[in-house]
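**Student:** predicted model, plus sequence, below.
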Amino acid sequence: MDTLLSRAEIPIIDLAHMGTAEAPVRSGVRRVAAQLHSSLAGKGLALLVNHGIPEERLRAVYRALDKFCELPPARRAAYLRQADAGDNHGYVPPGCERFSGGEVREVRHAFNVARLDRGLPDAEVPGFSDVAAALADDFRRLAALLLRALATGLGLQGDYFLRSHARMMQSGNATCMRTLYYPPLGAEPTAGLTRCGEHADYGTFTLLAQDCEGGLEVQLPNRRWGRVGHLPGAILVNAGELLETWTGGNYAALRHRVVVPEQEGARCRGRHSVAFFVHPDDDTPVAPLALTPAEAEVQTTQAQASGVATPPGRGLARLMSAPAGKPSPKHSPIYTAYQHLQMRLRETYAS
Ligand SMILES: O=C(O)CCC(=O)C(=O)O
Ligand SMILES: [Fe+2]
């Protein structure tokens, strides 16, 4: 099949020899930083290999989610995501999310794991929280390592983004591991159904692991859709909306979707994936980093007046230059990561 991967149009980044976020190997981080920078600025995505997440950890989570989805609906309902809970934790049955707008229904089960200490279905699926916690911890470490490379690639201090992502998978931070199961659709026509409608992710970046069923498509700079293709074991990283804002549009949030397979055989099989959405701590202001010191000062004063915390390391903002040819983001309103996500979640789950 013709895919972006088969046409060598997706950068592949080897994460070997980088060390860890706490004990980074400088030369490895610098190499990855440069690759990450050119991948995110040029394409909005990359495939990561040697990322340190064992395939078995993923399979264990896919199996646990399968068992959960086999439960009768009434037993699953005890774990439903609560719209008013202030976090994104819990089970989302098929048909609840709307990315594409209109009447297209998303046929997928999602269990959003935003907390590891509550609301997990161990009583129904013994061991669910153990396998989820092990995988979430691996993703969190990988995310921290990439946050270091990301800052380095932007000419910022290595811990610049780590400081504003200190609470991943804890309260006060919306980072979330979404486990996904797309059930088989059978041989019937699938008009009005999709697996996942087109959208960009809302946070800093997303790490996406998938099984081999395929269907993931990304929007190319010419606005056409390209099929990603399968590189066994690789994890996809793509920029989210916050990173786009911070970089003044330099790292565009990648629009993507999961289509229903054309071949009947593939439509009759399920698909599994896990998306790890990396978000900053809730009180992090969302404002372009590409500000002059004077502009940064004004934004900070406004932020403080509206009760949000000082932008992390805002003095470093001038180190980043505004991208050529893009409108200056000078006067974008300031709001926090929490406010941004709540607004997006209200849109996604509006009925
Ligand atoms: O399942 C996938 O491969 C993608 C899911 C996705 O993009 C999302 O949930 O935001
Ligand atoms: Fe997504």
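**Tutor:** Good, I have the coordinates. Ligands and ions are numbered 1, 2, ... in the order given.
**Student:** now residue 134: which helix or strand?
**Tutor:** helix 128-153 (DSSP states H and E).
**Student:** what is that helix packed up against?
**Tutor:** For helix 128-153, the packing partners by 3 or more CB pairs under 8 Å, 6 or more residues apart in numbering; DSSP states H and E come out as helix 26-42, helix 55-70, helix 160-164, strand 176-182, strand 205-210, strand 271-278. (Each C-beta comes from the backbone N, C-alpha and C, glycine too.)
**Student:** state the next helix or strand along the chain beyond the last one.
**Tutor:** So the one you mean is strand 271-278. strand 285-286.
**Student:** for the protein, what lies in contact range of ligand 1?
**Tutor:** Residues of the chain lying close to ligand 1 (CB under 6 Å from any ligand atom) are 178, 180, 196, 201, 208, 210, 216, 256, 258, 273, 275.
**Student:** present those as TSV; the columns should include distance to residue 339.
**Tutor:** Output for the residues of the chain next to ligand 1, formatted as TSV (distance: CB to CB, whole Å):
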residue	distance to residue 339
178	21
180	26
196	25
201	17
208	25
210	31
216	29
256	24
258	28
273	28
275	22
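**Student:** select only the buried ones of the residues you listed in PyMOL?
**Tutor:** Those of these that count as buried under 16 or more other CB atoms under 10 Å are selected in PyMOL with:
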select buried, resi 178+180+196+201+208+210+216+256+258+273+275
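**Student:** ok, so of the residues of the chain next to ligand 1, who is nearest residue 31?
**Tutor:** residue 208 (22.6 Å; CB to CB).
**Student:** how about the contacts made by the closest one?
**Tutor:** Counting by CB atoms under 8 Å, 6 or more residues apart in numbering, residue 208 touches 216, 235-238, 273-276.
**Student:** nearest to residue 288, of those residues?
**Tutor:** Taking those together and measuring to residue 288 by CB to CB, the closest member is residue 238, at 19.6 Å.
**Student:** any idea how far the residue of the chain found nearest ligand 1 is from residue 215?
**Tutor:** The chain approaches ligand 1 most closely through residue 273 (3.6 Å), counting by CB to the nearest ligand atom. According to CB to CB, to the nearest Å, residue 273 stands 9 Å off from residue 215.
**Student:** which residues do the two both contact?
**Tutor:** 182, 258.
**Student:** low pLDDT regions in the stretch 151-300 of the chain?
**Tutor:** Where the stretch 151-300 of the chain drops to pLDDT under 70, the residues are 290-300.
**Student:** just list whatever residues bridge to the residue nearest to the spatial centre of the chain.
**Tutor:** Nearest to the mean C-alpha position of the chain, by CA atoms, centre = their mean, lies residue 206 at 2.2 Å. On the basis of DSSP bridges, residue 206 is bridged to residue 238, residue 277.
**Student:** that one contacts residue 273, correct?
**Tutor:** No - using CB atoms under 8 Å, residue 206 is not in contact with residue 273, being 10.9 Å away.
**Student:** how close does the spatially closest residue to residue 147 that is not a sequence neighbour get to residue 80?
**Tutor:** For residue 147, ignoring the flanking residues on the chain, the nearest one in space by CB to CB, 6 or more residues apart in numbering is residue 161 at 4.1 Å. Going from residue 161 to residue 80 by CB to CB gives 33 Å.
**Student:** what about these two, which has more around it?
**Tutor:** residue 161 (28 against 13; other CB atoms under 10 Å).
**Student:** could you tell me the end-to-end distance of stretch 165-174?
**Tutor:** 10 Å (CA to CA, to the nearest Å).
**Student:** off-centre distance for it?
**Tutor:** 14 Å (CA atoms, centre = their mean, to the nearest Å).
**Student:** list the contacts of it.
**Tutor:** 87-88, 114-116, 136, 140, 143-144, 147, 175, 177, 203-204, 277-283, 337-338, 341.
**Student:** got the residue ranges for the helices in the stretch 201-350 of the chain?
**Tutor:** 241-246, 264-267, 293-305, 337-348 (DSSP state H, counting those that start in this stretch).
**Student:** got the angle for the last one vs strand 271-278?
**Tutor:** Orientation check (axes from the mean of the first three to the mean of the last three CA atoms, to 10 degrees): helix 337-348 against strand 271-278 gives 150 degrees.
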